[in-house]
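Chemist: I would like the atomic coordinates for the input below:
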Amino acid sequence: MTAAVATVPTITRRRSSESAGRRAIRRFLRHRAALAGLFILGLIAGAAIFLPFIYGQDPDVTNTKIGFQAPNINHLLGTDRLGRDLLARLMYAGRVSLAVGVAAALFATGLGLIIGMVAGMFGGWVDTLIMRLTDVVIALPILIAIAIVVGIIGTGVEIVVVVIGLFG
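Modeler: Presented below is the predicted three-dimensional model:
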């Protein structure tokens, strides 16, 4: 006679000491494409932040005598029509873009936190109204909404940060 052997499924347990954040970091560090992207993003951000101090060219100085100059030892990416150094302009533009992105993300996080707290605290019709307004904002095409708001209010870095924070 043969006896039936019952198989018990093995349950893999996670270490109780490992938090969700630590697991996410461990998974991220094993993903090569994510690490390559982080490296490239860090390289670009580092160049935008630190290279303007090292490079030494002013992005706003004009010299029409050297307009449309090809890349050389003095101007690594060449110059534009007014003789401004393109690499210096690119690095300063990168700094502005990073500042706008970080400020818009912080603004959106703060606004979302406040709106979420209000919706959670009051609930009921207030929560429903906030949800419907959120659905309207999500349904709008982002670039068109940004263009309309900037067209009505005006331009400026602060306006761009608020509009991207609201719709982005």
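Chemist: and residue 90, how many neighbours?
Modeler: 15 (other Cβ atoms under 10 Å). C-beta: built from backbone N, CA, C; applies to glycine.
Chemist: er, residue 128 actually
Modeler: When neighbours are defined as other Cβ under 10 Å, residue 128 has 11 of them.
Chemist: cool, and residue 87?
Modeler: By the criterion of other Cβ under 10 Å, residue 87 has 19 neighbours.
Chemist: can you pull up the most central residue in this structure?
Modeler: residue 101 (5.2 Å; Cα atoms, centre = their mean).
Chemist: now do the phi/psi pair for the residue nearest to residue 62 when sequence neighbours are not counted.
Modeler: Spatially, and ignoring its direct neighbours in sequence, residue 62 is nearest to residue 82 (4.4 Å; Cβ to Cβ, 6 or more residues apart in numbering). Note on residue 82: its backbone torsions stand at phi -90, psi 0 [degrees, to the nearest 10].
Chemist: any idea how far residue 82 lies from residue 71?
Modeler: For residue 82, the distance to residue 71 (Cβ to Cβ, to the nearest Å) stands at 17 Å.
Chemist: picking that back up, name the SS class of the residue nearest to the centre of the chain, please.
Modeler: On the three-state scheme (DSSP: H, G, I helix; E, B strand; the rest coil), residue 101 is labelled helix.
Chemist: so how far is residue 164 from it?
Modeler: 8 Å.
Chemist: for residue 76, same thing?
Modeler: Taken as Cβ to Cβ, the span from residue 76 to residue 164 is 31 Å.
Chemist: what residue ranges in the protein score low on pLDDT?
Modeler: Confidence mapping of the chain against pLDDT under 70 gives the ranges 1-16.
Chemist: please repeat the previous calculation with a cut-off of 50.
Modeler: Low-confidence segments of the chain (pLDDT under 50): none present.
Chemist: please enumerate the helices of it.
Modeler: Here the chain has its helices, by DSSP state H, at 20-30, 32-55, 86-122, 124-139, 142-153, 157-167.
Chemist: for residue 64, find the nearest of the ones you listed.
Modeler: In terms of Cβ to Cβ, the element of the helices of the chain nearest to residue 64 is helix 86-122, at 15.1 Å.
Chemist: just the angle between that closest one and helix 157-167, please?
Modeler: In terms of direction (axes from the mean of the first three to the mean of the last three Cα atoms, to 10 degrees), helix 86-122 departs from helix 157-167 by 50 degrees.
Chemist: packing partners for helix 86-122?
Modeler: Applying 3 or more Cβ pairs under 8 Å, 6 or more residues apart in numbering; DSSP states H and E, we find helix 86-122 packed against helix 32-55, helix 124-139, helix 157-167.
Chemist: please consider this matter closed, and thank you.
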